[in-house]
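> Would you be able to build a 3D model of this:
(2 chains)
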Amino acid sequence: MPDEKIKKVSIVISKGSLEGVYPGLIMANGARMEGIEANLFFTFFGLEAIIKKKMNKLKVATVGNPAMHIPSLLGILPGMSAFATKMMKKEMEKLDIPPVGEFIEMIHDAGGKIYACKATVEMFHLTKDDFCEQVDDIIHVGKFYEVSAGGEIIFT
Amino acid sequence: MAAKTLAGKTVEVNDEGFLLNPDDWSEEMAPELAKEEGIDELTEQHWKIIRFIRQDFKEKGQIPTIRRIKNAGGVPIKDLYQLFPEGPVKKAAKIAGLGKPQGCV
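Predicted coordinates:
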C-alpha cells in the first residue's frame, strides 16, 4: 500500500439526474467512513439534490444515454424515466443505499460539509430556504478552492 | 496471513489485524482490539453496537451497512463517529472480530 493516504476530498456534483448525483454521494459517504475529510459542492443541475422539494424526486435520464440500451426514441415515451427510476431505486434499496435526502443527512451527520454554488443559486433564483437544512453555506468559486485546499478535487 | 494472541488465545488475522474467523472471537478480546484502534475504553454504548453487528452478521451473513446500524440498530450517525472515530463500521467490525467491511455504503 502507498505510504501516503488521502486525507481530504472535495466532490463537485454538477448533474441533476439520479445517476448523476449518486456517485458523488457514495464517494463522500465512503470518504467519511474511511476517516477522510469530505466536502460536497453542488452546482448547476446538481443543486436539485439539495432542494427540499426536489431531492427525493430525482429521475434516471433515459434519453441520450447509450448505456441504458433503450433507443432514444423509446426513452422519450411518458413514464419511461419513471419506470427506469423505480427499477434503479429498487436495486439500490437492496444494497441499502439510502434515498437522496437520507444520504445527505447521513453525510452531514458524519461531518461532511455541504455547499451550494452561489452563481447557479442566483441563476436559478433560489434562496437558502429552498435548500435542505444540511446545507452549510452558499459559496462562490473562490471560497470553494479555499475550503478544498490541501485535498483532492473530484468533478462529477 | 499472521497469527496473533488475544486474551490468551492464538487467532489468525489478516495483514490489517482483522480476525479471519469470526468464531475465534470472544468478548474478552474486544478491549485489546479496541486499543489497536485507539479506543482506550469500551463503554456500554460501544458494546451495544458491537453486539448488534455480531448478531446481525450471524443472522444475515454480512456486516451491516452504516445505514443499517443507524436504522435497524438505532444508533445515530453522529454517535457512531464519536464512538469509533475515523472509521465507524471498519473499527466496530474489527473490534467485533468480523472481517473488513467490503460494501460501498
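> C-alpha from now on. contacts and neighbour counts both.
OK.
> tell me which residues in the helix or strand of chain A with the lowest mean pLDDT are buried?
When each helix and strand of chain A is scored by mean pLDDT, DSSP states H and E, helix A:72-75 comes last, with a mean of 87. Within helix A:72-75, the residues that qualify as buried are residue A:75, counting by 16 or more other Cα atoms under 10 Å in any protein chain shown.
> Using PDB, write out every CA atom in that helix.
Output in PDB follows, covering the C-alpha atoms of helix A:72-75 (Å, rounded to 0.1, in the frame of the first residue of the first chain):
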ATOM      1  CA  SER A  72     -33.700   7.300 -27.500                       C
ATOM      2  CA  LEU A  73     -37.000   7.300 -29.400                       C
ATOM      3  CA  LEU A  74     -38.500   5.000 -26.700                       C
ATOM      4  CA  GLY A  75     -36.700   6.900 -23.900                       C
END
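> How far off centre is it?
26 Å (Cα atoms, centre = their mean, to the nearest Å).
> Can you tell me the element the residue at minimal distance from the centre of chain A falls in?
Centroid-nearest residue in chain A: residue A:21, 3.6 Å away (criterion: Cα atoms, centre = their mean). Using DSSP states H and E, residue A:21 sits in helix A:18-33.
> So which elements touch that helix?
With contacts taken as 3 or more Cα pairs under 8 Å, 6 or more residues apart in numbering or on different chains; DSSP states H and E, helix A:18-33 sits against strand A:8-13, strand A:37-42, helix A:100-109, helix B:88-95.
> Take the ones you listed and lay them out in a markdown table including distance to residue B:34 and mean neighbour count.
Supplementary listing: those in a markdown table, determined by distance: least, Cα to Cα, whole Å; neighbours: other Cα atoms under 10 Å in any protein chain shown:
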| stretch | distance to residue B:34 | mean neighbour count |
| --- | --- | --- |
| strand A:8-13 | 25 | 23 |
| strand A:37-42 | 23 | 26 |
| helix A:100-109 | 23 | 20 |
| helix B:88-95 | 6 | 25 |
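> hang on, the earlier thing: roughly how far does the residue nearest to the centre of chain A sit from chain B?
15 Å (Cα to the nearest Cα, to the nearest Å).
> near chain B, which residues of chain A?
A:26, A:29-30, A:32-36, A:96-98, A:106, A:109-110 (Cα under 8 Å from any Cα of the partner chain).
> what's the closest of these to residue B:16?
Among those, residue A:34 lies closest to residue B:16 (Cα to Cα), at 14.1 Å.
> Find the residue closest to that closest one in space, skipping its chain neighbours.
residue B:87 (4.9 Å; Cα to Cα, 6 or more residues apart in numbering or on different chains).
> wait, what's in contact with that neighbour?
A:32, A:33, A:34, A:35, B:81 (Cα atoms under 8 Å, 6 or more residues apart in numbering or on different chains).
> Give me the below-cutoff pLDDT ranges for chain B.
B:1 (pLDDT under 70).
> And the helices in it, which stretches?
For chain B, applying DSSP state H gives helices covering B:30-36, B:44-60, B:66-71, B:77-83, B:88-95.
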